[in-house]
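A.B. asks: how would this look folded up:
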Amino acid sequence: MIVETEAYTGKADPGSHAYRRRTLRNEPMFGPPGRAYVYFCYGNHFLFNIVTEKQGTAGAVLIRALEPGAGMEIMKKLRKTNDIIKLSNGPGKLTQALAIDRKHNCADLSGDELFVANGPAKKHKISSGSRIGIKHGLDKKWRFWIKGNAYVSVRNK
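C.D. replies: Model prediction:
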């Protein structure tokens, strides 16, 4: 279950890869929606985003944390940990646990290998705050998480 996200847009969002201009790296952010935008960050891990806007308009949501369900034994091997909380409680941990890398960039998220599925309908309290790991655009409270969820990457009240 996705428990934490951050939203990014284009020219009006100084925290976004698409803020200055369209490039080879950020091209997937411009659509079509329902595709993966996967990039290498800080020279050591991949980050997974879901493209959200219509074709030609930059927009994506970074998947920051998951509460693992099925496949935990595989995740433990990939992450080299038995600590269930640390399997996917951050964007780099999440991609490592799910074996998401550059080959998934632009993948159709309704495909067979990488996809987003509906789970059981549950009501959660959602909190929002500043995005993490950026220097600009902190005024946008576009980080969202399930309040009190143990798998969120950074605890906020």
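A.B. asks: quick one: secondary structure of Phe46?
C.D. replies: Secondary structure, DSSP: H, G, I helix; E, B strand; the rest coil: Phe46 is strand.
A.B. asks: and the residue nearest to it when sequence neighbours are not counted, which of the three is it?
C.D. replies: Counting by C-beta to C-beta, 6 or more residues apart in numbering, Phe46 lies nearest to Thr95, which is 4.4 Å off, once chain neighbours are set aside. Bear in mind the C-beta positions are built from the backbone N, C-alpha and C, glycine included. At Thr95 the chain is in helix, as set by three-state DSSP.
A.B. asks: show me the contacts for Thr95.
C.D. replies: 38, 45-48, 101 (C-beta atoms under 8 Å, 6 or more residues apart in numbering).
A.B. asks: make it 10 Å
C.D. replies: Residues in contact with Thr95 (C-beta atoms under 10 Å, 6 or more residues apart in numbering) are 38, 41, 45-48, 63, 78, 88, 101, 104.
A.B. asks: how near is it to Pro68?
C.D. replies: Relative to Pro68, Thr95 is positioned 13 Å away (criterion: C-beta to C-beta, to the nearest Å).
A.B. asks: check which helix or strand covers Met75.
C.D. replies: According to DSSP states H and E, Met75 maps onto helix 72-79.
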